[in-house]
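>>> no FASTA, just this:
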């Protein structure tokens, strides 16, 4: 079957070429031992045919190949090849082939970086997304202050690449601090409902690429104002939401509820915001997604970072010891860290370093994140650095609207650290949320820590407030972490513990596990 095909391929070669090499080539083909060898010869014949057509002019024109005349003995002689000029068509074909291969190679490299490696460094850094706890999370679940419970968190610029050296530590830009502190400033105003304190209005953390023409402020919501808010929410969903398909489904659901008259009874701003939030979450199950309402109208440029806001945040971090509720050595020389958020690294880096250094001589370490509602990914990477001996890739943060990805790496090795090879345990609960889930998920994927407790909340996306008008804002998740090992995250599923027990019993169980491991049981 293959020999007739191979012989036909030879028939397509120039006559001069066949006259000189056909018998020899067929004998080589007949001597091939396996079918794979014959297939390779057949492929070689295809390339040979292309080469003869394009470049070997002498075989087509039957030009005689001059042979060298023997030189007299002892007399040096030199010969030069005849000048060979490829045909014009051959040059054109070769140029087209070269350009095609070059473009294909460039496309393959670009495709692998964006879609396989999920790596792209944008020329202009896009606005940072925020990790926020869900609306209505009761503060009673955690001893954290109310401002900590609603604290925004942003990926630090350092998460876009590994550290250049172990001495380099990340620095958070002023714009990032502003987005973290903005909600703290809003807490001092008298809230209408639980949502009103969550309505940031700074243009530094909102996007104005979707213009809005604000309707006049009224005591209640009329149909025109409801339609205006609904249109704005749908625009932001379609443009920014991390899942394009889910965004279309949510937009269709909001329209369907409007057409059925389900929104007609919502004449109060806060009630309408709650209603839209419920309708969207019924489709997406995204706890970060929310429409927020503020009774007092705010201008787009009103709330800017001020020294008072920064001082308030720093004072709050000092009061709560940067959310490190407990750092102590338990019996059997077990280190214990109860951390209730992952605060801004630029402000709490020294406190975090001191906490980890104080446990340097322990034999194992336990991170208690049962009441942790998330925080800044840069702090997640900073604390994880103490558990590894070399820079370790934790996550890729992919922004759908920007089509950009920022990488998060540990800052390992940390000078003087002795915890990198010590057993580690992470306590989690149903209240463990967002950034705290990232830390837990990364440690599980890297098989660096044992997770003890309950399945977490399942909120992976990072969100950013998008202004609709002076009173309404929609919090749109536009960035999602992608774990380099699992190629996914914990959104909607939560992080499952390795040892499943009630949250109240997690510490006791983790202590027993640590002691048994240290004793070799």
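Thanks, I have it. Note that the structure is a prediction, hence the values are computed from the model and not measured.
>>> number of nearby residues for residue 294?
24 (other C-beta atoms under 10 Å). Where C-beta positions appear, they are placed from N, C-alpha and C, glycine not excepted.
>>> for residue 231, same thing?
By other C-beta under 10 Å, the residues close to residue 231 number 16.
>>> could you measure it against residue 255, distance?
For residue 231, the distance to residue 255 equals 10 Å [C-beta to C-beta, to the nearest Å].
>>> intersection of neighbour lists for these two?
Here residue 231 and residue 255 share no contacting residue, scored by C-beta atoms under 8 Å, 6 or more residues apart in numbering.
>>> So what touches stretch 235-253?
Under C-beta under 8 Å, 6+ apart, the answer for stretch 235-253 is 207, 209-210, 234, 279-280, 282-284, 286, 289, 398, 400-401, 461, 464, 466, 468, 474, 476-480.
>>> cutoff 6 Å now
210, 234, 279-280, 283-284, 400-401, 461, 466, 474, 476-478, 480 (C-beta atoms under 6 Å, 6 or more residues apart in numbering).
>>> before we move on, what about stretch 357-374?
131, 133, 142, 327, 329, 333-341, 418-419, 422-429, 431-436, 503, 510, 514, 518.
>>> From these, keep the buried residues only.
131, 133, 142, 327, 334-341, 419, 422-429, 431-436, 503, 510, 514 (16 or more other C-beta atoms under 10 Å).
>>> ok, longest strand in this structure?
Scanning the chain for the strand with the most residues, using DSSP state E, yields strand 472-482.
>>> Keep only those of the contacts of stretch 357-374 that are in strands.
Taking DSSP E as the definition of strands, the contacts of stretch 357-374 contribute 327, 329, 334-339, 424-428.
>>> Just give me how far stretch 15-35 sits from the chain centre.
56 Å (C-alpha atoms, centre = their mean, to the nearest Å).
>>> residues of it that come out buried?
By neighbour count on 16+ other C-beta under 10 Å, the buried set for stretch 15-35 is 16, 17, 18, 25, 29, 32.
>>> ok, which stretches of this structure are strands?
Applying DSSP E to the chain gives strands spanning 290-293, 324-330, 334-339, 364-368, 393-399, 404-409, 424-428, 450-453, 462-467, 472-482, 499-500.
>>> nearest to residue 225, of those?
strand 472-482 (9.1 Å; C-beta to C-beta).
>>> Quick check: buried residues in that closest one?
By 16+ other C-beta under 10 Å, the buried positions in strand 472-482 come out as 472, 473, 474, 475, 476, 477, 478, 479, 480, 481, 482.
>>> Switch these over to CSV; also include distance to residue 394 and pLDDT.
Putting the buried residues of strand 472-482 into CSV (distance: C-beta to C-beta, whole Å; pLDDT from 0 to 100) gives the following:
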residue, distance to residue 394, pLDDT
472, 35, 90
473, 30, 89
474, 29, 91
475, 24, 89
476, 24, 90
477, 19, 90
478, 20, 88
479, 15, 91
480, 14, 91
481, 9, 93
482, 11, 93
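>>> And the pLDDT for residue 329?
Here, the pLDDT recorded for residue 329 equals 96.
>>> any idea how far the residue nearest to residue 374 when sequence neighbours are not counted lies from residue 234?
With C-beta to C-beta, 6 or more residues apart in numbering as the criterion, residue 374 has its nearest non-adjacent residue at 3.0 Å, and that residue is residue 434. In this structure, residue 434 and residue 234 are 25 Å apart, going by C-beta to C-beta.
>>> What are the contacting residues of the longest strand of the chain?
So strand 472-482 is in contact with 118, 129, 199, 229, 233, 236, 240-242, 286, 288-293, 395-399, 401, 460-467, 489, going by C-beta under 6 Å, 6+ apart.
>>> and which of the contacts of stretch 235-253 is nearest residue 454?
Among these, and counting by C-beta to C-beta, the member closest to residue 454 is residue 461, at 21.0 Å.
>>> Thought residue 288 was touching that closest one, still the case?
Yes: in terms of C-beta atoms under 6 Å, residue 461 counts as a neighbour of residue 288; the distance is 5.0 Å.
>>> how does this protein divide into domains?
As given by automatic domain parsing, the domain ranges for the chain are 2-85, 139-293.
>>> and residue 313, how many residues sit next to it?
23.
>>> and it, how far is that from residue 343?
Distance, residue 313 to residue 343, by C-beta to C-beta: 9 Å.
>>> quick one on the thing from earlier: what angle separates the longest strand of the chain from strand 462-467?
160 degrees (axes from the mean of the first three to the mean of the last three C-alpha atoms, to 10 degrees).
>>> neighbouring strands for strand 472-482, and are they parallel or not?
Strand 472-482 pairs in its sheet with strand 290-293 (antiparallel), strand 393-399 (antiparallel), strand 462-467 (antiparallel), by DSSP bridges.
>>> Would you tell me which of those gets closest to residue 376?
Closest of these to residue 376 is strand 462-467, at 10.5 Å (criterion: C-beta to C-beta).
>>> average model confidence for the closest one?
Rounded mean pLDDT across strand 462-467 is 85.
>>> now that strand: how far from the chain's centre is it?
17 Å.
>>> repeat for stretch 267-277
32 Å.
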